[in-house]
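Asker: Prediction below, plus the sequence it came from.
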Amino acid sequence: MKVAIIGGGIIGLTSAYYLNKAGYDVTVLDKGDLSDGCSHGNAGMIVPSHIIPLAAPGMIAKGIRWMFNSTSPFYVRPRVNFDLLKWGWTFYRHANKMHVAKSIPALKELSLYSKACYQQLVKDLPFDFGYAERGLLMLYQTPETEHEEAETAAIGKRSWSKSTDPSAEEVQSLEPDVRVTVRGGIYFPGDAHLTPQQFMQQLIPYLKKRGVSFVTNSAVNDFSMQGGKIASVITDQSEQTFDEIILATGSWSGSVAAKLGITVPMQAGKGYSFLVNDVEKNIRIPSIFLEARVAVTPMGKNIRFGGTMEITGVDHRISINRVKGIVDAIPKYYPDLKVAMPEVKNIWHGLRPCSPDGLPYIGRSKKIQNLTFATGHAMMGLSLGPGTGKLVADLVTGNSPEVQHLMFDPERFD
Ligand SMILES: Cc1cc2nc3c(=O)[nH]c(=O)nc-3n(C[C@H](O)[C@H](O)[C@H](O)COP(=O)(O)OP(=O)(O)OC[C@H]3O[C@@H](n4cnc5c(N)ncnc54)[C@H](O)[C@@H]3O)c2cc1C
């Protein structure tokens, strides 16, 4: 069986890993050279504690408030664009308690499954990728955020995740090497982290060694069809035939699916990160500055700061003001950590593939017999990567999936 995986981000590569393991002849096709992209410079957090979809109550009001501040963590570039309007309307319709309650069990299951897959990968892969299970600290400075976060943690406690609520002094004792100025925190001990570029850049040669083929700098821009199946995949360089096709094209999935006549609403949610190398004293536990929505992850001797969500379409421009928002937040939480504004060349950006209901698209197409979708993981792609890859492999090989996936129906908006 020949399988084409279109897209070599974390979702494509983990799908390739499990399909190759199942004995399939796998080819990964990517429009880029796989040296960078959304799956490389992200915050590296594996967070089963965070399974409330982006489309949740309060997000619209918060989003509107943030939109008028150029250093805020969230922005939607207003533009007359039918896809964006439809996406926004669908998001609005899903930002309610009922949708959150329905989504949590499916996201919880996939997230815990994916973490277990990472634990197995640590044993099975012959390279280190910085995987560590030290939990996640959510840090807050105001009584309002304390109240909001306590409510979120309470939903968590009811349905899936253990947490504690350390005082400012207890947060400091969890971080003995770096001074932390907060009102308090919520600690999720079940979370983990890794160094994403280390994972991605070693997984590619490992897969090549195991016989996976890679066709890079080759954009898939069309398909030929025969008898309800994709007969061939057409790139700007060649036309190839495969038995099964996996669509894992991240933020570009809406336009790739459109070539197949399938509507997969998707908006790119741009985020930035930068790495501070060789810090004298590093934090021990990945943290999120709640008011500033900044994610901070220790990666060996380095520390990565990341954040912002700009719904601006597939757009690679860097908004310096928003990066400044991240830099300005650092001394408010870590007053002794001196971090200068990074040079533009050192600012990384990635486009998160965001569905309008905050749920990924994972499953076999009902319209096209040999097509499987694996995309739309938004802020959770690294967390949900291997779990998605294994689920995709089970769907393609015909094994019974080990997790529920009906909520992730890729054609739910078609
Ligand atoms: C600042 C930031 C921090 C983040 N932190 C975290 C975190 O801590 N934890 C977490 O779980 N997630 C995090 N994320 C989200 C995570 O990075 C994404 O969800 C994930 O990388 C998406 O992976 P993907 O494989 O779906 O897409 P991508 O990595 O974007 O891969 C898609 C691939 O498809 C290729 N492609 C597209 N179109 C075509 C075509 N027509 N033909 C061929 N190839 C094509 C692209 O070139 C690309 O390589 C973060 C994101 C950002 C921006």
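Answerer: Thanks, I have it.
Asker: Can you pull the residues of the stretch 151-300 of the chain lying near the ligand?
Answerer: 219-220, 248-252, 256, 271-273, 295 (CB under 6 Å from any ligand atom). Every C-beta, even on glycine, is put in place using the N, C-alpha and C of the backbone.
Asker: residues of the one helix or strand residue 309 maps to that come out buried?
Answerer: Using DSSP states H and E, residue 309 maps to strand 302-311. Buried residues in strand 302-311, defined by neighbour count with 16 or more other CB atoms under 10 Å: 303-311.
Asker: ok, now stretch 370-385?
Answerer: Buried residues in stretch 370-385, counted by 16+ other CB under 10 Å: 370-385.
Asker: ok now it, how far from the chain's centre?
Answerer: How far stretch 370-385 lies from its chain's middle: 8 Å, per CA atoms, centre = their mean, to the nearest Å.
Asker: pLDDT score assigned to the residue in the stretch 301-414 of the chain that the ligand sits nearest to?
Answerer: Nearest residue of the stretch 301-414 of the chain to the ligand: residue 381, at 2.1 Å (CB to the nearest ligand atom). Looking at residue 381, its pLDDT stands at 98.
Asker: and it, what helix or strand is that in?
Answerer: helix 381-397.
Asker: just to revisit the earlier point, adding distance to residue 207, write the buried residues of strand 302-311 out as TSV.
Answerer: Converted to TSV, the buried residues of strand 302-311 look like this (distance: CB to CB, whole Å):
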residue	distance to residue 207
303	29
304	25
305	30
306	26
307	31
308	31
309	31
310	32
311	32
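Asker: ok, and of those residues, which contact the ligand?
Answerer: Answer for the buried residues of strand 302-311 near the ligand (CB under 6 Å from any ligand atom): residue 306.
Asker: Return the helix or strand in the protein with minimum mean pLDDT.
Answerer: Of all helical and strand segments in the chain, the minimum by mean pLDDT, DSSP states H and E falls on helix 59-67, at a mean of 74.
Asker: Tell me where the model's unsure across the stretch 101-250 of the chain.
Answerer: Scanning the stretch 101-250 of the chain for pLDDT under 70 picks out the ranges 156-160.
Asker: ok so, going back, now do the strand holding residue 309: which elements does it pack against?
Answerer: Counting contacts by 3 or more CB pairs under 8 Å, 6 or more residues apart in numbering; DSSP states H and E, strand 302-311 packs against strand 74-76, strand 267-276, strand 294-299, helix 320-333.
Asker: Just say which of these is most tucked in.
Answerer: By mean neighbour count, with neighbours taken as mean count of other CB atoms under 10 Å, strand 294-299 ranks first of the helices and strands packed on strand 302-311 at a mean of 24.
Asker: any idea of the mean pLDDT in that one?
Answerer: Computed over strand 294-299, the average pLDDT equals 97.
Asker: for stretch 25-36, same thing?
Answerer: Here the average pLDDT along stretch 25-36 is 97.
Asker: in it, what counts as buried?
Answerer: Under 16+ other CB under 10 Å, the buried positions of stretch 25-36 are 26-31, 34.
Asker: Restricting to these, which residues neighbour the ligand?
Answerer: Applying CB under 6 Å from any ligand atom to these, those adjacent to the ligand are 29-31.
Asker: how about the strands in the stretch 151-300 of the chain?
Answerer: 184-188, 192-193, 213-215, 220-226, 229-235, 239-240, 244-247, 267-276, 287-289, 294-299 (DSSP state E, counting those that start in this stretch).
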